[in-house]
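Visitor: below are the sequence and a predicted model; questions follow.
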Amino acid sequence: MSEIVFVHGIAKEQLTADTLEQEWRTQLAGAVRIAGDGALADRIRGGEVRCRMGFYGNYFLRPGGQGGAVAESAMVDELTKEWLRNVAARSLDEYERDDARRAVGGYRLGAEGAQGTGAVLGWAIRTLSRVPWFVPPVYGAASFVVSALDQVTRYLEEPEIRVKARERVLEHLGPETRVVIAHSLGSVVAWEALHQRTERAELPLLVTIGSPLGLRGVVYPNLWPQPPVFPPKVKRWVNVADRNDYIAAEPDLGPLFPGGTIEGTWTPDNGADPHEARFYLGKEMIGRAVAEAFTYPRQL
């Protein structure tokens, strides 16, 4: 059981829980220090505050299989369109907005001029691959887009992955848990896991960063349980998204998850890699929320 539970996002299948846990713990300690609580920062960095990573990336590996492709489905198509619509609505680059709108239009027109729907999907993936803010600098452009599409849709469509991923989070949650920080697809895993949590103790803080929970075309209607609500026994929910993080939904999730107040706004600037978890974790707003959670009296 842990005081802080981390839940990673997409494209971490080649890493391990220990690697990610160390990176996240160090970065979060720095954010807490920036927020003014040096004593807590030292305790987090030194391991006195028990932190654990809910790691599920290995479930996306295909033993003996070949990567580099995504199975076409209605869900894949819809998720691609949602991300394209985010680019079209948020990008400050006129050409990126126009490219995204044309790609969405290709879906609407039923692939006119293309060789079937597969060609439209390929066109859409290439469009997203050309958006610098969408693709992290360390990844091959198309390979990241394909991996992101594959993992989000497989989580939602393959019950075995979904159950095991939630179990990796639940095994670290206990009455002493004060903070859950979940990134990207991990925010979906964490939200669902919190609905299965059986502890009587209230969780002081849930932080979701770069979250797709509010993507209405694919993620939101496929969450479990339905209808989606504010997680039970969660005292505070903070949702943070960089405006250029096109994988994330709009930050104001309040209307979609009734039953509590969600603090969400466009605030962080993650630079050239808007979706990077470590960049979110290093922000003062995250450090301050975590520090405040450690002053919240436990209700066991």
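Guide: That came through fine.
Visitor: C-alpha from now on. contacts and neighbour counts both.
Guide: Fine.
Visitor: burial of W266, as a residue count?
Guide: Residue neighbour count, defined by other Cα atoms under 10 Å, stands at 14 for W266.
Visitor: what helix or strand is T265 on?
Guide: With secondary structure defined by DSSP states H and E, T265 is part of strand 262-266.
Visitor: please identify the buried residues of that strand?
Guide: Taking 16 or more other Cα atoms under 10 Å as the neighbour-count basis, strand 262-266 is seen to contain the buried residues I262, G264, T265.
Visitor: ok, now stretch 125-140?
Guide: I125, T127, L128, S129, V131, W133, F134, V135, P136.
Visitor: out of those, the closest to G54 would be?
Guide: Ranking the buried residues of stretch 125-140 by separation from G54, with Cα to Cα as the measure, puts P136 on top at 22.5 Å.
Visitor: about what we covered before: what's the strand holding T265 packed up against?
Guide: Secondary-structure packing of strand 262-266 (3 or more Cα pairs under 8 Å, 6 or more residues apart in numbering; DSSP states H and E): strand 237-241.
Visitor: okay, now the sheet partners of the strand it packs on, with direction.
Guide: Within its sheet, and counting by DSSP bridges, strand 237-241 is paired with strand 205-209 (parallel), strand 262-266 (parallel).
Visitor: what does that strand contact?
Guide: Residues from elsewhere that reach strand 237-241 (Cα atoms under 8 Å, 6 or more residues apart in numbering): 205-211, 248-253, 261-268.
Visitor: and for stretch 276-285?
Guide: Stretch 276-285 is contacted from outside by 8, 23-24, 27-28, 30-32, 34-35, 136, 183, 209-210, 268, 270, 286-287, using Cα under 8 Å, 6+ apart.
Visitor: straight-line length of that stretch, end to end?
Guide: When the termini of stretch 276-285 are compared using Cα to Cα, to the nearest Å, they are 16 Å apart.
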